[in-house]
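# Make a model of this:
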Amino acid sequence: MLTFDDWYAAVPAEQRERLRAFRASHAPKTLTVGGAAWDYLVGGAPDARQTILLLVGGLRVADAGFRALLELESDFRVIAPSYARVATMTEICAGLAAILDAEGVDRAHVLGGSFGGMVAQAFARAHSARLRSLLLSNTAVLDAAAAARYRSELQLLTPVPDDVIRAGAPERFYQMVAPDESESAFWKAYLAELFGARLNKEDVLSTYRCLLDWAENMTLAPLDWPHVLIIESADDATFAPAQRAAVKALYPRAHVYTFAQAGHSAATTQRATYFRLVREFIAQL
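As a prediction, this is how the structure comes out:
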């Protein structure tokens, strides 16, 4: 079995050791909700005045957002869940609410990107009283065409062997993250470890099932609330312009910031500006 040093042998030492130190200082907690096992990370001071519920995207595991957690935990308490292998957004939302309960958090700022942004929108409807604010980045509202595509992909992937799915996933997600060249080796190693040792076919299928459930079964009424921040990228190649525009239409009083060139992962490619926007938005509430 490969060790951490094996997976990250080609990664610059500073980047490798930052992840190692993060994992050493942020031990996962575990909670069972409706028979499903949830792991989550907690950072920041327990008595911090405000809490951010940090929802990662399709990489599913909490430490995929470790840089965001490190960035925010100096000012906030941060709770970052890994997604359990469930089939519906309702189950995901129930898991998130249970985690907040376990940590004694009544209300949180909910920050989600990509798939996490869809989870955040579902949570905002299912548990609106738990929100201080809603921060959405590089996410979408899925239309009928997207639902049909996810349904087709789920049907195609279901009979595919586990090792084939795991072998193909790192390159696909690397293209979505599109990191700067200085972090290329890190992300290649992280994704190789993620799908080589931590996630499997059932995790991938869980994401597809939840996306399909979200597209087919969730009714997202417009949220006429000013405590919403939308961060998007004009060059986001993952979601179509119409899907991104549909997000803004759902939140007519939202604050919107559009990067000209940040790709699908603005928190990675435009980190300084991204987290300045998050802090400034929360500070003015």
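
# At which residues are the strands of the stretch 151-285 of the chain located?
Per DSSP state E, counting those that start in this stretch, the stretch 151-285 of the chain carries strands over the ranges 228-233, 255-259.

# got the CA coordinates for the longest one in PDB?
By that I understand strand 228-233. As requested, the backbone C-alpha atoms of strand 228-233 are provided in PDB (Å, rounded to 0.1, in the frame of the first residue of the first chain):
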ATOM      1  CA  VAL A 228     -26.600  36.000  -0.800                       C
ATOM      2  CA  LEU A 229     -23.200  36.300  -2.500                       C
ATOM      3  CA  ILE A 230     -22.700  34.800  -6.000                       C
ATOM      4  CA  ILE A 231     -19.100  34.400  -7.300                       C
ATOM      5  CA  GLU A 232     -18.900  33.300 -10.900                       C
ATOM      6  CA  SER A 233     -16.400  33.200 -13.700                       C
END
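
# Now do it: everything it contacts.
133-138, 244, 247-248, 251, 253-264, 266, 274, 277-278, 281 (CB atoms under 8 Å, 6 or more residues apart in numbering). Yep, even glycine has a C-beta here, placed from its N, CA and C like the rest.

# if we go to 6 Å?
By CB atoms under 6 Å, 6 or more residues apart in numbering, the residues outside strand 228-233 that reach it are 134-137, 244, 251, 254-259, 262-263, 266, 281.

# and which of these is nearest Phe195?
Nearest to Phe195 out of those is Gly263 (CB to CB; 21.0 Å).

# can you pull the contacts of the closest one?
Contacts of Gly263 by CB under 6 Å, 6+ apart are Ala178, Ser233, Thr269.

# Name the nearest of those residues relative to Gly35.
Ala178 (36.9 Å).

# List the residues that contact that closest one.
Contacts for Ala178 (CB under 6 Å, 6+ apart) come out as Gly263.

# The same query, at a cut-off of 8 Å, please.
Gly263, His264, Ser265, Thr269.

# how about TSV for these, with distance to Leu220 and pLDDT added?
Below are these laid out as TSV (distance: CB to CB, whole Å; pLDDT from 0 to 100):
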residue	distance to Leu220	pLDDT
Gly263	25	95
His264	21	95
Ser265	23	93
Thr269	28	93
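
# center of the protein - which residue?
Val56 (1.6 Å; CA atoms, centre = their mean).

# Surely it and Arg67 touch.
No. Proximity of Val56 to Arg67 does not meet the contact threshold set by CB atoms under 8 Å, at 11.2 Å.

# At which residues are the helices of the protein located?
Secondary structure of the chain by DSSP state H: the helices cover 4-7, 13-25, 66-72, 89-102, 115-126, 144-157, 162-177, 184-193, 201-217, 241-250, 266-269, 271-283.
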